[in-house]
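Undergrad: this one's sequence-less:
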């Protein structure tokens, strides 16, 4: 079977988005839905696994000691939380203070370039 | 010039020549015949590449220059293998697209990338390098949106400039060393730095990286698979070959790994987010090149190999979402996992691979680069690369899938992606798991024998804790992590915003100066003209009409003077 001839990815000509509330959900989709509905239970299981992992790391020496933290059990867990926190805080700080712009920030590029002025007015000498 | 051993092109079939010739015939076919032809061509290409034996093939004497179009050693073959695998995968992924220009461009692009890794001399390398640029830009333009045209044009400009820098470096290098062979280049001369800059632009090393995250999100859904695989990884190959052990690349690569992570936090477009994670992952490879030890170079090569495969899964998953929903922003997506469950699960295999979860491909390659830092006792590099690893899971493994597939239902009811897209994703996902479970298969292709064991207790404990507790952090900070309907400026601000303003300002100064010069010129011309008029004009001393008396008088005086002078002489 040949898939429908779509011009790929062009939002302008796209027709796939049809609001059909009764869009068919496959058995795999239903299965995933079941998992998502049990997310509280799953996250509790996950936390138990994570705790067991830290305990195991403390109990079992890994044999690496190139850096001092390799001898400390649970260092990976602490560093993971720390790294996650640092990345989000630093990035969001840079975003709000320096990097974020409105979504139409570069739209001038599609409207003839206002940044370089109007060539005709310039040639006429009143610029 | 030494005698050249000629392996005639016909005896050694250059895979790039095969693919280019095959691509040119592609427009002759239509419909199912063309689809069959494309798959057969890509499969043949894969077959030919895997059959290449090590050695220097296709040595040609051209205008007094010794060119080697087919240097096949372990390093070049490792890259060629994965390029040919991804060519087949991308071909299958784009099977439903009817666009000859895009298909031909994609195959030319792949052929050029393979041509670069087989190039034994800098001239051949340069020719394929530029062909890569010329072919790949069509994968952006064929999206046929205003943004795609503009982004493609900027992409072309950046690569055209870097190409000139590279060519300048090659010419200088030849005049200084008298050699065109592409081997390790001694850092220090102007030539070596120019060539290095050319390579670093294509590797998307900050601050020369903005072309990537500017253009890739605007490319066609299927073209982005080629783009994500080829340009940056050929550059990694050239760095491994030409600049191993260049110390500052260690720090450049580490900064790169974190730069990508920071911008991925801010990104809202899903393919831009993935583009920043290309930069982040290539950072590991660049750092590995800088360390230059056997384990580091093997790590960089292995990571390039696995990266191409898992990144293609991620780009294919994101592309499938864009193709089926018409949306590409985190703020507009959400809750579609029920409708695209296969895409979702395959995407997650790619996400676990890039995050370096044990049993997935990233684990056996990324930890090799990090281990290389440990062996050299580079504590800061080790910690920062680990941090970038946490950031990778945070965004590619958690944020993107959470806000695209799970999260708040955005009311979209897409169909599952077509079978060919799912098949292509499945093949790449299979490799991600296969390599993760069976790293020896990957390690046999590495430039030097690999004695590294990824699955040590130390690596397992560290990676699993790092990743799972990053996950905990994600769910604790979930409220602050959604996409925001903004864009974040990167170094392309220099040529997209500052450039035009500077040019306008400089233009105003130059225009004023030119007009002033013309005015001054006019004034002096006018005064010279007036002077001439006073002397020889109708009323000037010499131009006036005289009366008969005065004329007679002056004639008498002049003739007398003449006679007098004649008599004396």
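TA: Cool, got the structure. Since we're looking at a predicted model, the values are computed, not measured.

Undergrad: those helices in chain A, which residues are they?
TA: Ranges of helices in chain A, per DSSP state H, are A:27-37, A:39-59, A:75-94, A:119-124.

Undergrad: Against which helices or strands is the third one packed?
TA: So the one you mean is helix A:75-94. helix A:39-59, helix B:248-266, helix B:379-392, helix B:457-476 (3 or more Cβ pairs under 8 Å, 6 or more residues apart in numbering or on different chains; DSSP states H and E). (Each C-beta comes from the backbone N, C-alpha and C, glycine too.)

Undergrad: Ok, which of those helices comes nearest residue A:25?
TA: helix A:39-59 (17.9 Å; Cβ to Cβ).

Undergrad: hmm, who's touching that closest one?
TA: Here helix A:39-59 makes contact (Cβ atoms under 8 Å, 6 or more residues apart in numbering or on different chains) with A:35, A:73-74, A:76-77, B:461, B:464-465, B:468-469, B:471-472, B:475.

Undergrad: can you list those residues in a markdown table and add neighbour count and pLDDT?
TA: Shown next, in a markdown table, are these (neighbours: other Cβ atoms under 10 Å in any protein chain shown; pLDDT from 0 to 100):
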| residue | neighbour count | pLDDT |
| --- | --- | --- |
| A:35 | 11 | 92 |
| A:73 | 17 | 80 |
| A:74 | 17 | 86 |
| A:76 | 27 | 91 |
| A:77 | 23 | 93 |
| B:461 | 24 | 92 |
| B:464 | 22 | 94 |
| B:465 | 24 | 94 |
| B:468 | 21 | 95 |
| B:469 | 24 | 95 |
| B:471 | 22 | 93 |
| B:472 | 17 | 93 |
| B:475 | 12 | 92 |
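
Undergrad: mind putting these in TSV, distance to residue B:516 included?
TA: Putting the contacts of helix A:39-59 into TSV (distance: Cβ to Cβ, whole Å) gives the following:
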residue	distance to residue B:516
A:35	75
A:73	77
A:74	74
A:76	69
A:77	70
B:461	74
B:464	72
B:465	70
B:468	70
B:469	68
B:471	66
B:472	68
B:475	66
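
Undergrad: Can you give me the neighbour number for residue B:444?
TA: Residues near residue B:444, counting by other Cβ atoms under 10 Å in any protein chain shown, number 11.

Undergrad: same thing with the one 4 residues further on?
TA: For residue B:448, the tally of surrounding residues (other Cβ under 10 Å) stands at 13.

Undergrad: Give me the most central residue, chain B.
TA: By Cα atoms, centre = their mean, the mean C-alpha position of chain B lies nearest to residue B:202, the distance being 3.9 Å.

Undergrad: for that one, what are its contacts?
TA: Contacts of residue B:202 were listed using Cβ under 8 Å, 6+ apart, and they are B:129, B:159, B:162, B:231, B:232, B:234, B:235, B:238.

Undergrad: ChimeraX command for the buried members of those residues?
TA: Command for ChimeraX that selects the buried part of those, burial taken from 16 or more other Cβ atoms under 10 Å in any protein chain shown:
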select /B:129,159,162,231,232,234,235,238
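
Undergrad: Between which two of the contacts of helix A:39-59 is the distance greatest?
TA: Greatest spacing in the contacts of helix A:39-59, by Cβ to Cβ: A:35 and A:73 (31.5 Å).

Undergrad: okay, and for chain A, where does confidence drop off?
TA: Applying pLDDT under 70 to chain A picks out residues A:1-23, A:108-127.

Undergrad: Got the domain ranges for it?
TA: Domain assignment for chain A, taken from automatic domain parsing, gives A:24-60, A:75-127.

Undergrad: Next to chain A, which bits of the stretch 151-300 of chain B? Give me the list.
TA: B:220, B:221, B:222, B:261, B:262, B:263, B:265, B:266 (Cβ under 8 Å from any Cβ of the partner chain).

Undergrad: Quick check: closest non-adjacent residue to the third one.
TA: Across the structure, with Cβ to Cβ, 6 or more residues apart in numbering or on different chains as the measure, the residue nearest residue B:222 apart from its sequence neighbours is residue B:94 (3.4 Å).

Undergrad: That neighbour against residue B:103, yeah?
TA: Yes. Contact criterion Cβ atoms under 8 Å: residue B:94 and residue B:103 qualify, at 6.9 Å.

Undergrad: neighbour-wise, which of the two wins?
TA: For residue B:94 and residue B:103, the more surrounded residue by other Cβ under 10 Å is residue B:94, and the numbers stand at 27 against 23.

Undergrad: Now the helix or strand hosting residue B:374: buried residues?
TA: Assessed by DSSP states H and E, residue B:374 sits inside helix B:361-375. The neighbour-count check on helix B:361-375 (16+ other Cβ under 10 Å) flags B:361-374 as buried.

Undergrad: Repeat that for stretch B:165-174.
TA: Burial within stretch B:165-174, assessed by neighbour count using 16+ other Cβ under 10 Å, is assigned to B:165, B:166, B:167, B:168, B:169, B:170, B:172, B:173, B:174.

Undergrad: quick one: the third one is in a strand?
TA: No. Per DSSP: H, G, I helix; E, B strand; the rest coil, residue B:167 lies outside any strand segment and is helix.

Undergrad: what does the stretch 1-150 of chain B have sitting close to chain A?
TA: Residues of the stretch 1-150 of chain B lying near chain A (Cβ under 8 Å from any Cβ): B:32, B:35, B:94-99, B:143-147, B:150.

Undergrad: Which of those residues are buried? Put it as a PyMOL command.
TA: Buried members of those, defined by 16+ other Cβ under 10 Å, are picked up in PyMOL with:
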select buried, chain B and resi 35+94+95+96+97+99+143+145+147+150
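
Undergrad: and the residues of the stretch 1-150 of chain B next to chain A, which of them are in strands?
TA: Nothing among these maps onto strands, per DSSP state E.

Undergrad: Reformat the residues of the stretch 1-150 of chain B next to chain A into a markdown table and put pLDDT next to each item.
TA: Shown next, in a markdown table, are those (pLDDT from 0 to 100):
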| residue | pLDDT |
| --- | --- |
| B:32 | 94 |
| B:35 | 96 |
| B:94 | 95 |
| B:95 | 94 |
| B:96 | 93 |
| B:97 | 92 |
| B:98 | 91 |
| B:99 | 91 |
| B:143 | 92 |
| B:144 | 89 |
| B:145 | 88 |
| B:146 | 86 |
| B:147 | 88 |
| B:150 | 90 |
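
Undergrad: and the residues of the stretch 1-150 of chain B next to chain A, which of them are in helices?
TA: Going by DSSP H, the helices hold B:32, B:35, B:146, B:147, B:150 from these.

Undergrad: Out of the residues you listed, which is nearest to residue A:101?
TA: Closest to residue A:101, out of all of these and judged by Cβ to Cβ, is residue B:147, at 15.5 Å.
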